[in-house]
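Peer 1: I'd like to go over a predicted model; first the sequence, then the structure.
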Amino acid sequence: MTHILAIDQGTTSSRALVFDADIKVAATAQQEFPQHFPHSGWVEHDPQNLWDTTVQTCRDAISKAGLNAADITAIGITNQRETTVVWDAVSGEAIYNAIVWQDRRTADYCRSLRDAGHDAMITAKTGLLADPYFSGTKLKWILDNVEGARARAKKGELLFGTVDSFLIWKLTNGAAHVTDATNAARTLLYDIHNGRWSQTICDLFDIPMQMLPEVKDCAADFGVTASEHIGAALPILGVAGDQQAATIGQACFKPGMLKSTYGTGCFALLNTGDTPVKSTNRLLTTIAYQLDGKPTYALEGSIFVAGAVVQWLRDGLQIIGSAAETQDLAANADPQQDVIIVPAFTGLGAPYWNAECRGAVYGLSRNSGPAEFARAALESVGFQTRDLLEAMRADWQGHGADATLRVDGGMSASNPAMQFLADIIDAPVDRPQVLETTAMGAAWLAGQRAGLYPDMQGFADNWAIERTFTPDMGPDLRKQRYDAWQRAVKATMTV
Ligand SMILES: Nc1ncnc2c1ncn2[C@@H]1O[C@H](COP(=O)(O)OP(=O)(O)O)[C@@H](O)[C@H]1O
Ligand SMILES: O=P(O)(O)OC[C@H](O)CO
């Protein structure tokens, strides 16, 4: 009983990692699953795929570590946030596919909420915006569009959850219908100031409150797995949404500390301590983590397309065979060309929040080719991060933020992307030795509750840098490049 199992159920794959008593990765297993795009702007997952890949990767990781399930002390879960599942309260069968965070199908309804002036109330309670990104309007869509769903929900026959909640319900054979405060804070239904589901918003969306899960701290007793799934009855002691788990994994425990995670999308979180800072620059106010009943808040900037632009080069344009090829290609790009990709494939997130616009490429010449596209793809992520950091600086002025950005996620492996990021934000970028910070954050939550891992300070002392990227771009060029990006974004939003 000296290991922790972390489940990281992400947007494109499910991962399970076994951590040893020193919080070192002992084994990893990963499985991708299909993405469904039934209409333009719609993105769905089959909940059965989420469940099957989660259970399979847990079993694989334990076996790769040379362990038995009984050697696991506890489980920590982290997950793609906002993605919405509704399931039968008896059978556990989902009544519709999971509607993924990227899905924009409720854009019209969100516009009607804004037109009717409900957005100020929604933002005041939830810290979020009336945008399709969050779970609440997705849940309403399912209740409106699956025949009989609302009536069944009112009778208590259907349950709602984000992916953590769905997985815990299945792992415990229906014994626990729970979530944690960070996931609840992404639903658009949760009042982050008083820590309760909002009756007012649920009434507005006509969502029966009995279908919502119980909300717990990030380190808590979430339930015990039924032994048939992973091979033993194991306590689930930690849960956090993946960006919040990465904030924990990056040990951003002090106000002013900042991390940015580059996976499918990019999410920057700035710890603001026990103060929920209201953004005047269209960032989100959210819960970074909640321990011992006490929420720690964050300002968040959410970009919908980061690594996904590299996937588009690979799967859409088919000009690369693997993500890593962008490194050599970008190095050979013509320095005279200024190709800019605005990857608004599903609209633009923070700080623009434009659900309708779509992606665009600017500055093409007869000589533009795969190398210029690769460089532009990597740079688009740096430009978008600068947009977020400008907004954060404005919201957090006078508090003294860390100048350094801690990065993680699959795309942070890209040296050219991280160097350009440091160049364009004009600040050092620290990449840690462990890039699996998301899973590590979930493991730490469970491990410290189990008494296996050190407290917050002890964990923070273990955090170690692999490489610092230092800005190496002159101020004139930086300004010229960022001005060009801002012109490109403006043009994209007016098309
Ligand atoms: N060497 C690389 N260069 C550029 N992008 C990369 C590289 N390695 C991975 N990526 C990108 O990172 C993303 C995967 O990161 P990951 O953290 O696993 O994402 P998620 O959790 O969202 O599934 C993919 O979109 C991929 O295109
Ligand atoms: O699965 P990821 O890593 O792309 O993260 C998705 C986010 O949680 C969406 O808010």
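Peer 2: Okay, I see it. Ligands and ions are numbered 1, 2, ... in the order given.
Peer 1: Quick one: name the residues of this protein near ligand 2.
Peer 2: 10-11, 80-82, 101, 241-243, 263-265 (CB under 6 Å from any ligand atom). Heads up, the C-betas are built off the backbone N, CA and C, glycines and all.
Peer 1: Give me the neighbour count for residue 277.
Peer 2: Neighbour count of residue 277, defined by other CB atoms under 10 Å: 19.
Peer 1: tell me which residues of the lengthiest strand in the chain are tucked away?
Peer 2: Scanning the chain for the longest strand, with DSSP state E as the assignment, gives strand 294-303. Under the neighbour-count criterion of 16 or more other CB atoms under 10 Å, strand 294-303 has 295-303 buried.
Peer 1: tell me the pLDDT at whichever residue of the stretch 1-150 of the chain sits closest to ligand 1?
Peer 2: Proximity of the stretch 1-150 of the chain to ligand 1 (CB to the nearest ligand atom) peaks at residue 10, 3.4 Å away. Here, the pLDDT recorded for residue 10 equals 94.
Peer 1: what's the answer for residue 399, then?
Peer 2: pLDDT, residue 399: 69.
Peer 1: what residues are up against the residue of the stretch 301-450 of the chain found nearest ligand 2?
Peer 2: Distance from ligand 2 to each residue of the stretch 301-450 of the chain (CB to the nearest ligand atom) is smallest for residue 302, at 6.1 Å. Residue 302 is in contact with 133, 265-267, 284, 349-350, counting by CB atoms under 8 Å, 6 or more residues apart in numbering.
Peer 1: Pull out the buried residues from those residues.
Peer 2: By neighbour count, with 16+ other CB under 10 Å, these hold 133, 265-267, 284, 349-350 as buried.
Peer 1: Not counting its neighbours along the chain, what's nearest residue 411?
Peer 2: In space, and not counting its chain neighbours, residue 411 is closest to residue 262: 3.6 Å by CB to CB, 6 or more residues apart in numbering.
Peer 1: make that residue 166, sorry
Peer 2: Nearest non-adjacent residue to residue 166 (CB to CB, 6+ apart): residue 85, at 4.4 Å.
Peer 1: Isn't the one you found up against residue 167?
Peer 2: No: here residue 85 lies out of contact with residue 167, judged by CB atoms under 8 Å, at a distance of 9.3 Å.
Peer 1: quick one on the thing from earlier: export the contacts of residue 302 to CSV and tack on distance to residue 123, pLDDT and secondary structure?
Peer 2: Below are those laid out as CSV (distance: CB to CB, whole Å; pLDDT from 0 to 100; DSSP: H, G, I helix; E, B strand; the rest coil):
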residue, distance to residue 123, pLDDT, secondary structure
133, 13, 91, coil
265, 21, 91, coil
266, 22, 93, strand
267, 19, 93, strand
284, 9, 93, strand
349, 15, 85, coil
350, 13, 84, coil
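Peer 1: circling back: didn't the residue of the stretch 1-150 of the chain closest to ligand 1 look like it was pressed against residue 261?
Peer 2: No: if you go by CB under 8 Å, residue 10 and residue 261 don't touch, sitting 10.7 Å apart.
Peer 1: Please identify which of the two sits among more neighbours.
Peer 2: Between residue 10 and residue 261, residue 261 has the larger neighbour count (other CB under 10 Å), namely 27 against 22.
Peer 1: you'd agree the more buried one is up against residue 405?
Peer 2: No: using CB under 8 Å, residue 261 makes no contact with residue 405, being 10.9 Å away.
Peer 1: Quick check: neighbours shared by the two?
Peer 2: Jointly contacting residue 261 and residue 405 under the rule CB under 8 Å, 6+ apart are residue 268.
Peer 1: tell me the contacts of the residue of the stretch 1-150 of the chain closest to ligand 1?
Peer 2: For residue 10, the contact set (CB under 8 Å, 6+ apart) comprises 79-80, 242, 263-264.
Peer 1: same thing but 10 Å
Peer 2: 30, 32-33, 50, 78-80, 163, 242, 263-264, 409-410, 438-439 (CB atoms under 10 Å, 6 or more residues apart in numbering).
Peer 1: what's the answer for residue 31, then?
Peer 2: So residue 31 contacts 13-16, 49, 52-54, 56-57, 60 (CB under 10 Å, 6+ apart).
Peer 1: among those residues, which ones are buried?
Peer 2: The buried subset of those (16+ other CB under 10 Å) comprises 13-16, 49, 53-54, 57, 60.
Peer 1: Tell me which entries of those residues lie within helices.
Peer 2: In this view, those that belong to helices under DSSP state H are 49, 53-54, 57, 60.
Peer 1: Among these, which pair sits farthest apart?
Peer 2: Maximum pairwise distance among these (CB to CB): 15.8 Å, between 49 and 60.
Peer 1: can you count the residues close to the residue of the stretch 101-250 of the chain found nearest ligand 1?
Peer 2: Across the stretch 101-250 of the chain, the shortest distance to ligand 1 (CB to the nearest ligand atom) belongs to residue 242, at 6.9 Å. Using other CB under 10 Å, residue 242 is surrounded by 30 other residues.
Peer 1: ok, it touching residue 79?
Peer 2: Yes: with contact defined as CB atoms under 10 Å, residue 242 reaches residue 79; the gap is 6.0 Å.
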